[in-house]
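Q: What follows is a predicted structure for the sequence shown.
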Amino acid sequence: MATTDTPMISLQHVDKTLGGRKVLDDMSIDVGRGEALVIVGGSGVGKSVTLKHIIGLMKPDRGRIVIDGQDIGAMKPVDLNRFRRKFGMSFQEGALFDSMSVFENIAFPLRRHTKFTQQQIRERVDECLELVHLPGVSSKRPSELSGGMRRRVGFARAISLKPEILLFDEPTTGLDPVISDVIAELIVEMDRTLNTTTVTITHDMKVAFKIADRIAMLYKGRIVEEGTPDTFQQSQNPIVRQFIEGRAEGPLTE
Amino acid sequence: MNLLERIGRVFIRLFEETGLWFRMLLRTIVWTFRPPFEGLEWLRQMVRVGVDSIPVVFLTTMFTGMVMALQTYNGFHRVHAENFVGSVVALAMLRELSPVLVALMVTGRVGSSMAAEIGTMRVTEQLDALQSLATDPVQYLFVPRVIAGIVMLPLLTILGDALGVGGGYLVGVKLMGANPVVYQQNTYQFLHMNDIWSGLIKSAFFGLILTLTGCVRGYYTSGGAEGVGRATTAAVVSASLIILLTDFFLTKMLF
């Protein structure tokens, strides 16, 4: 996936304090068009917060967030709301609307943001379920699905409007290793077929190496290391080493 | 921490909450007039607030009318003013009891469930998911609920008016043996249209207060299942308090 000159996503010197704790501290990172970036890091280092900033669910205390050349901090709420159609986001537990069936979940953005007929909506929903390899569940309720299936329905809902940017919040947390790998494969596949820019946050290094064009390590609110999976693997940064090897002793646990 | 500091903190929180409430009210008003309109969702909420509350309203207002008649009859009997029982029951129900009781009952039934529903959506990230799908939660969740409250509460109050007056009639005539014709005459004799209107206007305000409070409490839920519980309780308590306070001021203004 080639990276062109202007980045699709650009976080510039972002600070964020939540509940008196500085979660993001002068954080900067760029994501190129079509690139698959994976942000790794331990629990509570600001990974989710970073994603929420990218999609504008949180506002930075300081710094700018530029998406496709537009500063989303300067946007009016209505414009930001419309701008979000560029994004598809998948949440940790899927965050499916539990008052609706799987079909209605995926049809929800189509009904609201397109002029599709019932027939077109049905076709698009089937197409999305096909893409996540989950055909035939459209009449089920979210509560009837397993964790991995819920995640995949969440993906289907996120891609239904053909977004340019896909965000994945801990896509494999709480899944068994086999299903985790299936999900990782699926992300790679979706990234390829849909030609999107993706940002994934995870603490699962196996998943990270599988789907990333580039990996960045978040530690204490800033990026401490970034590079291709190969360079990242060979990094001599003690923080990165400890995280990759999953050791209890090291700078992370001091 | 000394006493003054605590008192100060309470007041600051009170001001914050009030400001927040009005800010969300403003957002709700703005989003009401922006497409897309959720026609189906509006109807669904109206059923939930209005139709589903009929049994509760039925029992509450009918028995209140009955006990009003019973009490006033006993009292008025001592001064030989039994004839006015019908007037007193009608005035009290229409102007005050029906709007307030209906509002409080619906707060317990619907305001709480709205807070729980939206609060659960908050802690399971469904509200974030809504926003990520370019849908403002205020537009999709608040607007249909608040509209339903404003439309349905006056209708429920009309029902309550009728049932309260009817209940009073039953007790007055069938139980206490008042003359049916005289009772009816006295019921209408001192009533003005204004009495009905003031009750209905108040109930529309109450409908706004109880739905919006439920929604706002749910929206600002934090801290998992326990947080949802807190939000639900807070929604009922604060909505009931606001309803009783505004009731006084609205009554003073409308008369």
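A: Perfect, thanks for sending it.

Q: Every contact and neighbour count from this point should use C-alpha atoms.
A: Noted.

Q: interface residues of chain A facing chain B?
A: Residues of chain A lying near chain B by CA under 8 Å from any CA of the partner chain: A:55, A:57, A:81-85, A:87-89, A:91, A:93, A:95-97, A:109, A:112, A:158.

Q: Go again with 10 Å.
A: Within chain A, the positions adjacent to chain B are A:52, A:55-57, A:77-99, A:108-113, A:154, A:157-158, A:160-161, A:167 by CA under 10 Å from any CA of the partner chain.

Q: Weed out the non-buried ones from these.
A: If you count burial by 16 or more other CA atoms under 10 Å in any protein chain shown, the buried members of these come out as A:52, A:55-57, A:80-81, A:83-97, A:108-110, A:112, A:154, A:157-158, A:160-161, A:167.

Q: What about those residues, which are in helices?
A: In helices, defined here by DSSP state H, the members of these are A:52, A:80, A:81, A:83, A:108, A:109, A:110, A:112, A:154, A:157, A:158.

Q: residues in contact with the fifth one?
A: Right, the one you point to is residue A:108. Applying CA atoms under 10 Å, 6 or more residues apart in numbering or on different chains to residue A:108 gives the contacts A:97, A:100, A:102, A:121, A:125, A:157, A:160, B:130, B:133, B:135.

Q: Put the alpha carbons of the helix or strand that contains the fourth one into PDB.
A: Here residue A:121, judged by DSSP states H and E, is contained in helix A:118-131. C-alpha atoms of helix A:118-131 as PDB (Å, rounded to 0.1, in the frame of the first residue of the first chain):
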ATOM      1  CA  GLN A 118     -35.500  -1.400   0.600                       C
ATOM      2  CA  GLN A 119     -34.200  -3.700  -2.100                       C
ATOM      3  CA  GLN A 120     -30.800  -1.900  -2.400                       C
ATOM      4  CA  ILE A 121     -30.500  -1.800   1.400                       C
ATOM      5  CA  ARG A 122     -31.100  -5.500   1.600                       C
ATOM      6  CA  GLU A 123     -28.500  -6.200  -1.100                       C
ATOM      7  CA  ARG A 124     -25.900  -4.000   0.600                       C
ATOM      8  CA  VAL A 125     -26.500  -5.600   4.000                       C
ATOM      9  CA  ASP A 126     -26.000  -9.100   2.400                       C
ATOM     10  CA  GLU A 127     -22.900  -7.800   0.600                       C
ATOM     11  CA  CYS A 128     -21.400  -6.500   3.900                       C
ATOM     12  CA  LEU A 129     -22.200  -9.800   5.700                       C
ATOM     13  CA  GLU A 130     -20.700 -11.700   2.800                       C
ATOM     14  CA  LEU A 131     -17.500  -9.600   3.200                       C
END
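
Q: I'd like the distance from residue A:46 to residue A:223, if you could.
A: 11 Å (CA to CA, to the nearest Å).

Q: same question, residue A:111
A: Applying CA to CA to residue A:111 and residue A:223 gives a distance of 39 Å.

Q: Neighbours of residue 18, how many?
A: Answering for chain A, as no chain was given. 10 (other CA atoms under 10 Å in any protein chain shown).

Q: oops, I was thinking of chain B
A: By other CA under 10 Å, 12 other residues sit near residue B:18.

Q: Low-confidence stretches in the stretch 1-150 of chain A?
A: A:1-5 (pLDDT under 70).

Q: Show me where it has its strands.
A: Ranges of strands in the stretch 1-150 of chain A, per DSSP state E, counting those that start in this stretch, are A:9-18, A:21-31, A:36-40, A:62-67, A:70-71, A:87-90.

Q: Give me the contacts around the helix holding residue A:121.
A: A:102-108, A:110-111, A:114-117, A:133-138, A:152-153, A:155-162, A:186, A:189-190, A:193-194.

Q: If you count neighbours, what's buried in it?
A: A:121, A:122, A:124, A:125, A:126, A:127, A:128, A:129, A:131.

Q: Could you grab the helix/strand/coil label for residue B:167?
A: Classification of residue B:167 using DSSP: H, G, I helix; E, B strand; the rest coil returns helix.

Q: List the buried residues of stretch B:30-44.
A: Quick answer for stretch B:30-44 (16+ other CA under 10 Å): B:31, B:32, B:37, B:38, B:41, B:42.

Q: Now the two most distant members of the residues you listed.
A: Distance extremes for the buried residues of stretch B:30-44: the farthest pair is B:31 and B:41 at 14.6 Å, using CA to CA.
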